[in-house]
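> Model the following, please.
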Amino acid sequence: MRDEGLDLAIRAAGGVGALARTLGISQPSVSNWSRIPAERVLAVETATGVSRSLLRPDLYPQGGAGEPEGGVDEIDLLRAREYDLLAHLLGKAPTADTLDALRGLKGDSSPLGMAHLQLADAAARIGPEAASREYFDLFIGLGRGELLPYASFYLTGFLHERPLAAVRADLKSLGLEREGGLKDPEDHIAILCDVMAGLAGRRFDTEDSAERGFFERHLEPWAPRFFADLEIAPSSRLYRAVGAVGRTFLEIEAEAFEIGD
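Prediction:
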């Protein structure tokens, strides 16, 4: 017997077959589920738009870590999801499940919608091993990658400079502590996007002004240039589309904050 979360996902996708196609797996695999496997929850959330707290409340209790509290504006939830997507793709090499989820991205005729469709198409044209190699070449490399995704480097030409100290000061003021085992400095683009996801989704107990301030201090001065560089980096295939999503989304964010004056 299927649980309620799986039923929600199937209805949102338009049926068992549609959900299976979106995830890039066989229909019998989905038919055999009694509930969504833990390793598939985030992919199903991305593919269907159904919150992980509804898909697997035993793993993601409502209001728990990584899940925004109720009462958040729908647009802000969508913004948080966009930042989550960027943080996930820029923080580690894509897995097979990640690529499956990307292949199911939907879009429309808007600039961001078209960027999503391009990302879905790019994910359909690459496998996990090639995606992992691409991530390595771009961001790790033998000695260093093609791009250094840090605010300090983009703003000063060096690592561990004043922009990093400024990020750390703001994280402290927000009551956010560095996660144990975190290797990258806190001015890494994935970490900054993760913080913005938390601010947009109201996952932190902060004032409304904190979101705009963090964006204008730590992302707007350099991140659009980073995403533009990612679009033209020699190794970029999948990540050329990630760069387009990031650049387009941050343009929308900057305009929206400006309009909010």
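> where's G198 relative to S110, distance?
Per C-beta to C-beta, to the nearest Å, G198 is found 25 Å from S110. Where C-beta positions appear, they are placed from N, C-alpha and C, glycine not excepted.
> okay, those two: which has more neighbours?
Legend: neighbour count by other C-beta atoms under 10 Å for G198 and S110, higher for G198 (22 against 11).
> That one contacts F204, correct?
Yes. In terms of C-beta atoms under 8 Å, G198 counts as a neighbour of F204; the distance is 5.1 Å.
> Looking at G260 now. What's its pLDDT?
Per-residue pLDDT puts G260 at 65.
> And the closest residue to E161 other than its chain neighbours, how far from R40?
Among residues not flanking E161 along the chain, S152 sits closest, at 4.2 Å (C-beta to C-beta, 6 or more residues apart in numbering). Going from S152 to R40 by C-beta to C-beta gives 37 Å.
> same thing with R178?
30 Å.
> Which one of these two is surrounded by more residues?
More neighbours surround R40 than the other of R178 and R40, with 22 against 12 (other C-beta under 10 Å).
> Spit out the contact partners of the more buried one.
Residues in contact with R40, defined by C-beta atoms under 8 Å, 6 or more residues apart in numbering, are L23, D97.
> Point me to the helix or strand that includes the closest residue to P111 other than its chain neighbours.
What sits nearest to P111 in space, not counting adjacent residues and going by C-beta to C-beta, 6+ apart, is T248, at 5.0 Å. Using DSSP states H and E, the element containing T248 is helix 238-259.
> Centre of the chain to that helix, how far?
Between the centre of helix 238-259 and the centre of its chain there are 12 Å (C-alpha atoms, centre = their mean, to the nearest Å).
> Pull out the buried positions in the strand or helix carrying I10.
Using DSSP H and E, I10 sits in helix 4-13. Using 16 or more other C-beta atoms under 10 Å as the test for burial, helix 4-13 gives G5, L6, L8, A9, I10, A12, A13.
> What is the helix or strand immediately after that helix in the chain packed up against?
With elements assigned by DSSP H and E, the helix or strand that comes after helix 4-13 is helix 16-23. Applying 3 or more C-beta pairs under 8 Å, 6 or more residues apart in numbering; DSSP states H and E, we find helix 16-23 packed against helix 4-13, helix 27-31, helix 41-48, helix 96-103.
> among these, which is nearest I75?
Closest to I75 of the helices and strands packed on helix 16-23 is helix 41-48 (C-beta to C-beta; 17.8 Å).
> Which elements pack onto the closest one?
Against helix 41-48 (3+ C-beta pairs under 8 Å, 6+ apart) you get helix 4-13, helix 16-23, helix 52-55, helix 96-103.
> what does that helix contact?
For helix 41-48, the external contacting residues (C-beta under 8 Å, 6+ apart) are 8-9, 12-13, 19, 22-23, 36, 50-52, 55-56, 59-60, 81, 85, 97-98, 100-102, 104-105.
> Give me the residue ranges of the stretch 101-250 of the chain where confidence is low.
179-181 (pLDDT under 70).
> any chance you could map the helices in it?
Counting by DSSP state H, counting those that start in this stretch, the segments of the stretch 101-250 of the chain that form helices are 111-124, 128-139, 151-156, 162-173, 189-200, 209-218, 223-232, 238-259.
> Can you list the buried residues in the first one?
Under the neighbour-count criterion of 16+ other C-beta under 10 Å, helix 111-124 has L112, A115, H116, L117, Q118, L119, A120, A122, A123 buried.
> so what does it touch, helix or strand wise?
By 3+ C-beta pairs under 8 Å, 6+ apart, helix 111-124 packs against helix 96-103, helix 238-259.
> out of these, nearest to T156?
Closest of these to T156 is helix 238-259, at 20.3 Å (criterion: C-beta to C-beta).
> Other residues contacting the closest one?
Against helix 238-259 from outside (C-beta under 8 Å, 6+ apart): 79, 82, 85-86, 89-90, 94, 111-112, 115-116, 118-119, 121-123, 126, 131, 134-135, 138, 212, 215-216, 219-220, 223-224, 226-233, 236.
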